[in-house]
Every structure is written in structure tokens, then in C-alpha cells.
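Enquirer: Turn this into a model:
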Amino acid sequence: MSIEVPVLRLGLAGYTEAQHKTAADIAAAAGSARARWEVAAFADADAWWLDGSRTLLMSNDHLRVQPAVPSGRSVQLALADVDRPVAFSVPITAPGFKPAVTFNIGEKAAGVAVLNQFTGWLQTMVSQFALASSIADQQPTLNSGSWEVLRDHELLAVVDLKLGAGVMPGVTVKDFEKASWCIRDLGAVSIPHHYPRISVSQLMWQYAQRTQRDLLPPHYRSQPLFFRRPPRLPQRQMKDAHLLVMRELVSHPGMNFSGLQQASGMGDEQLARVLSALYVVGSITSNAKRATAGGARTTPLRDGASSEQSVYFSVMDSTPRTSDLQARPSNDFTAPLPLMPDSGQ
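Expert: Numbering: from 1, shown residues only. Model prediction:
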């Protein structure tokens, strides 16, 4: 069984095209047994590199990074709101500005060292990816009980639909290779207080955004598809592509993969990734009996009666709360239903 590692994304601001290529080479060299790095869109990145020579310190602790090319746009940040690792390449020209992490982008070893440092700071995400990867490998039926993941007698993780998932800090995908998934009675487990906790929906959504594995069942590429419910995730995690696909399936229940391609304009790979993310959090189905119809859900099948036996059904609530199905104006097609947080948070 091959060992997969998460893709961590590096966003750049203030750099020339040549420096972008240099950063991409550094990111490729920074890959390790824990994670690999790639340069990505600034807004989607897990960490940022900013050119210190083009960074201006403004009032109220705001930063403005000037573009390095005429067609580029400046980036403005509020330091107090930055929620990811940030490093500045030297020289730092803003008077009085002393960032915590600096490096020389022309020195490959220095850049690799910064990304390795960032990987350590993002260790919670790396460990959560490892747990989700093990879920995808082992396919435990999560809705039949609570689970403890043990390596010998060492507790690596706990997964419970109500409590969420907790994973030992610092573990990697390799640590789960020889682990055992042990079922417990529902409610019979507890998550150690020092294990970072995440809802099962968020765990699998985060995994779907980073894995190179094809998570979409083969029959989802040929059979009619239906909307089930909105993802139990913060709305800011939704991208326009996810909202567009959900809207299409609400407006046209039973649309298939090729129909969604035509309606959305997405290519095969992009649409598959969008559908995979919606699938692992239980928002779409190929079973019409599980679908939302006319603003209210049809009577659901018991999970054991479904032809779609999969670990990913575990994140679906088979009987929605009334508040999940709030009415909306008939001409409102911005999203199929209100988005809301997972109960495991």
C-alpha cells in the first residue's frame, strides 16, 4: 500500500515570474515523509511568502505588498488577522518592520528550511490528513459505533460522529500503517484533551481538498446524481464550484456527470474533485430515495439498506433537524440550503 502525504500550498506575493519559478523549485525540494509543498493561488494557500522589499507597513498594523509585474495586483493584509505561517524574503525595506521569519529566496537551503519549519507549524493539519487517509483505506462503518485507532496499545486517534475526531499530535500517515481500528459502543469513547479535535465532516472535506486519490465512486460518473443536504461546514470553506454543483442538482435532480460538465463548464478532473468533496461529506447521492425533493427530504433508507455502503455515509445525518430545511425564496438560487456547522464541532 502506497503512503500518501498531504499537499501543503504556498502562496506568493510581490515576486517576479523568475522568483515564482525559484519558489516552485524550492517547494518541490522541501517535500518530505510528512508532507509535500507546491506553489498555489494566494487565497487558497496554507502559508505565505512575501517579498520584503515590496512590503509597506501601513497604519493599524496593515501590510501592503506591491506587485512585481505591471499587470499584478497589490495584496493588503491585517497582521492581526493572519492565521497561517508567513515569511518575508530579505531585504526588508519598511522602516521599523521586523518580521519573525525572514529568508533569502536566492538561497535554496534557506527556503527549504523555512518550509520545513512551516510543516512543523501545520502539524495538526498533517496529522488530521493521516487519520482521514486511514479512514479511506480501512473503510470503517463509522455510524455503527465509536472507534479507537490503536498501534499496539498506543491510542493514535478517536472517531465519533458526535464528539468528532481527535488525533495524537505529531502522527503521520506512516504511523497508521500498522494501526488497528477498534469499534466501541456509541458514546463509550472520549477524546484526550490534548488531541486536536475536528468534526468528521471537516476532517473528510479537508482530506478531499489535499489527496491525490480518486474518492469519487465509479458509478457517480454514470448514474443520475441528487442533492442530499448542505455540507456541515463553515460557509467560507465553500468555493463557487461547490455551490454551483449543489445549485444545479437542486434545480435539476438526477443530472449526471456529463450533464454537470456541460452546465458548469468544468473539466473532468475539476468536476470529479468537486463531486468527491461533496460526496465525502454526504451532500450528494446516487440514490434518489436519499435525496432532498421539493425543499424537504424524502423518507430516508436505513444505512444498512443502501446500495452505497461506504465510510463516507457516516457523515450524513439520516434524519435532518427541522432547522436544516429552512425555507428560502423560490427565486433564490445562490445556494441550495443554508450552510451550517457540523454537530461534531
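Enquirer: List the buried residues in stretch 28-36.
Expert: Buried residues in stretch 28-36, counted by 16 or more other Cβ atoms under 10 Å: 30, 31, 34, 35, 36. In this view, the C-beta of every residue, glycine as well, is placed from N, C-alpha and C.
Enquirer: With just CA atoms, put that stretch into PDB.
Expert: C-alpha atoms of stretch 28-36 as PDB (Å, rounded to 0.1, in the frame of the first residue of the first chain):
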ATOM      1  CA  ALA A  28       9.500  20.800  -4.700                       C
ATOM      2  CA  ALA A  29      12.800  20.300  -2.800                       C
ATOM      3  CA  ALA A  30      11.000  20.700   0.500                       C
ATOM      4  CA  GLY A  31       9.000  17.500   0.200                       C
ATOM      5  CA  SER A  32       9.400  15.000   3.000                       C
ATOM      6  CA  ALA A  33       7.800  11.900   4.500                       C
ATOM      7  CA  ARG A  34       5.400  14.300   6.300                       C
ATOM      8  CA  ALA A  35       4.200  16.500   3.500                       C
ATOM      9  CA  ARG A  36       5.000  18.000   0.100                       C
END
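Enquirer: List the contacts of that stretch.
Expert: When contacts are defined by Cβ atoms under 8 Å, 6 or more residues apart in numbering, stretch 28-36 is touched by residues 3, 5-8, 37-38, 108, 111-112, 115-116, 119, 122-123, 126, 172, 174.
Enquirer: Mind doing that once more with 10 Å?
Expert: Stretch 28-36 is contacted from outside by 3-8, 10, 27, 37-39, 46, 108-109, 111-116, 118-120, 122-123, 125-127, 129-130, 170, 172-174, 210, 212, using Cβ atoms under 10 Å, 6 or more residues apart in numbering.
Enquirer: likewise stretch 58-71?
Expert: With Cβ under 10 Å, 6+ apart as the test, stretch 58-71 has contacts from 12-20, 42, 48, 50-57, 72-82, 86, 88, 94, 97, 99.
Enquirer: Now do the strands in the stretch 201-345 of the chain.
Expert: For the stretch 201-345 of the chain, the strands defined by DSSP state E, counting those that start in this stretch occupy 226-227, 284-285, 292-293, 296-297.
Enquirer: Check the secondary structure at the residue of the chain most remote from its centre for me.
Expert: Most distant residue from the mean C-alpha position of the chain: residue 95, 37.6 Å away (Cα atoms, centre = their mean). Three-state assignment for residue 95 (DSSP: H, G, I helix; E, B strand; the rest coil): coil.
Enquirer: Next one: it from residue 57, what distance?
Expert: In this view, residue 95 and residue 57 are 7 Å apart by Cβ to Cβ, to the nearest Å.
Enquirer: quick one: low-confidence parts of the stretch 201-345 of the chain?
Expert: In the predicted model of the stretch 201-345 of the chain, residues 292-345 satisfy pLDDT under 70.
Enquirer: Helices along this protein, start to end?
Expert: 17-29, 108-121, 123-138, 200-210, 240-251, 257-264, 268-280 (DSSP state H).
Enquirer: In the fifth one, which residues are buried?
Expert: Okay, so that is helix 240-251. Across helix 240-251, burial judged by 16+ other Cβ under 10 Å covers 241, 242, 243, 244, 245, 246, 247, 248, 249, 250.
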